[in-house]
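Asker: Based on what follows, work out the 3D shape:
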Amino acid sequence: MRDTNTNPLFLFLSGVLLDIKHHFEVSDSGAGLLQTIFICSFMVAAPIFGYLGDRFNRKIILSCGIFFWSAVTLLSSFITKEYYWLFVLSRGLVGIGESSYSSISPTIIGDLFTSNKRTMMLSVFYLAIPLGSGLGYILGSSAKDAAGDWHWALRVSPLLGMTAGALILLFVPEPKRGSVDQPSGRIKTRTSWFCDMKALGKNRSYMFSSLASAAVSFATGAFGIWIPQYLFRAQVVQKTAVSCTNQPCSSRDSLIFGAITCVTGLLGVVIGAATTRFCRQKTERADPLVCAVSMLGSAIFICLIFVVAKKSIIGAYVCIFIGETLLFLNWAITADILMYVVIPTRRATAVAFQGFTSHLLGDAGSPYLIGLISDALQKSYATSVLWQFLSLGYALMLCPFVIVLGGMFFLATALFFLDDRDKAEQQTNQLSLPPSTVKVTK
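Answerer: Below you'll find the model as predicted:
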């Protein structure tokens, strides 16, 4: 899904983005291309892994994907400055490896737990995204500072990845698909991929929540890359910092932003799960409504970042803290919505296609687009420090408008949620019957 999210392991790179720009001598748009290529390959591979995840052993697919990206990340740390295109290509290969577990992991949890317990466990799972994202900034920056070389940021994450892959192989169970949704026995009938895609296209709750996820991905993808740069430029304007001309560049803003992302992610996912559980006692449409309200509230505080940053960095961090907390509220809830409205045998495909949609319309292009707009605005006053700061801020102002649009999509999801949930339950019951009596609603 999201993974992607603001991908935690990609953000090892974000913690040293200034150094990468200077090392390879690229512009804002060139640096944003790293995230765009990563996400493009991620989203193209996601439907393939979704298909495989609905039909083959999921934990083997997970482990192979993790081992692959870990090896590519390690090798990319040895690419010289003359081969930036190869460095960009390596980001694409990492995206392919990482799409494996992002597409499949939630479906394993969906087959181990149900109802409020599933919401809680998905929340625990999605806590890893902000925690990993924040640690990506912090460990990437810390590895660079300790070694005096930004390349070491790319040599720490493969060790963690290979450890995770080994733990999955050894300790993660492979549950029967649909076993908790149909306690009387496993689901015996599987539909074709074409049938799955046709059904997902007709599932209104699924489609609207996927579009809302795209809005979240657009904003978080752009913020993950550009907010530390924006705050650094704000400090240069305030004369509390100087422009980076030699490596290594200051990692202070990446470290602070990483810490904020860790805390707000933890708070957001926990508050989101608790709020949804409480609101379910009041309305059965609680899941999409909580997501909608949190996104609309987030847009307000994200707008305020660009109002206060020129005068107060602390004020900007406060707005980031509140805005990110509200934005992260919906991560686990969105996954839970999918589990409710999609039958077990097509969940991996649904997760993968949702990831494809959210990345295609979201963070596949947002970092590059923001960088492109910033570069275009800077042309008028290329040497002005103030204009470099303002141009990036004007470009980032696109994000809160997209977040509001995402809130509207969640409100649309709420209109159809109950009908689609009931249809999914009915189809699950049908699929558990003997093959001769099955009639799947498409």
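Asker: The nearest residue to Leu75 once chain neighbours are set aside - how many residues pack around it?
Answerer: Take Leu75 and drop its neighbours on the chain: the residue closest to it by C-beta to C-beta, 6 or more residues apart in numbering is Ser90, 7.1 Å away. In short, each C-beta sits where N, CA and C put it, glycine included. By the measure other C-beta atoms under 10 Å, the count of residues near Ser90 is 22.
Asker: buried sites along the helix or strand hosting Ser90?
Answerer: Assigned by DSSP states H and E, Ser90 belongs to helix 84-110. Going by neighbour count (16 or more other C-beta atoms under 10 Å), the buried part of helix 84-110 is 84, 87-110.
Asker: what about the stretch 1-150 of the chain, any weak spots by pLDDT?
Answerer: Under the criterion pLDDT under 70, the flagged ranges of the stretch 1-150 of the chain are 1-16, 28, 32, 114-116, 129-137.
Asker: cutoff 80 now
Answerer: 1-23, 25-36, 39, 43, 46, 50-51, 53-57, 97-107, 109-150 (pLDDT under 80).
Asker: which stretches of it form helices?
Answerer: Applying DSSP state H, counting those that start in this stretch to the stretch 1-150 of the chain gives helices spanning 11-14, 17-24, 28-53, 58-76, 84-110, 115-147.
Asker: Could you export the ones you listed to JSON lines, including columns for distance to Gly371?
Answerer: Shown next, in JSON lines, are the helices of the stretch 1-150 of the chain (distance: least, C-beta to C-beta, whole Å):
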{"stretch": "helix 11-14", "distance to Gly371": "13"}
{"stretch": "helix 17-24", "distance to Gly371": "10"}
{"stretch": "helix 28-53", "distance to Gly371": "3"}
{"stretch": "helix 58-76", "distance to Gly371": "21"}
{"stretch": "helix 84-110", "distance to Gly371": "14"}
{"stretch": "helix 115-147", "distance to Gly371": "19"}
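Asker: what's the helix holding Ser90 packed up against?
Answerer: helix 28-53, helix 58-76, helix 115-147, helix 331-341, helix 347-361 (3 or more C-beta pairs under 8 Å, 6 or more residues apart in numbering; DSSP states H and E).
Asker: And the helices of the stretch 1-150 of the chain: which comes nearest Leu170?
Answerer: With C-beta to C-beta, the closest approach to Leu170 among the helices of the stretch 1-150 of the chain belongs to helix 58-76: 9.6 Å.
Asker: Show me which residues of the closest one are buried.
Answerer: 58-59, 61-63, 65-74, 76.
Asker: Now flag whichever of those is closest to Lys198.
Answerer: Closest to Lys198, out of all of those and judged by C-beta to C-beta, is Arg58, at 23.6 Å.
Asker: and the closest one, what does it touch?
Answerer: Contacts for Arg58 (C-beta atoms under 8 Å, 6 or more residues apart in numbering) come out as Ile104, Thr107, Ile108, Glu174, Ala348.
Asker: Could you identify the most distant pair in those?
Answerer: Going by C-beta to C-beta, the pair spanning these furthest: Glu174 and Ala348, at 12.7 Å.
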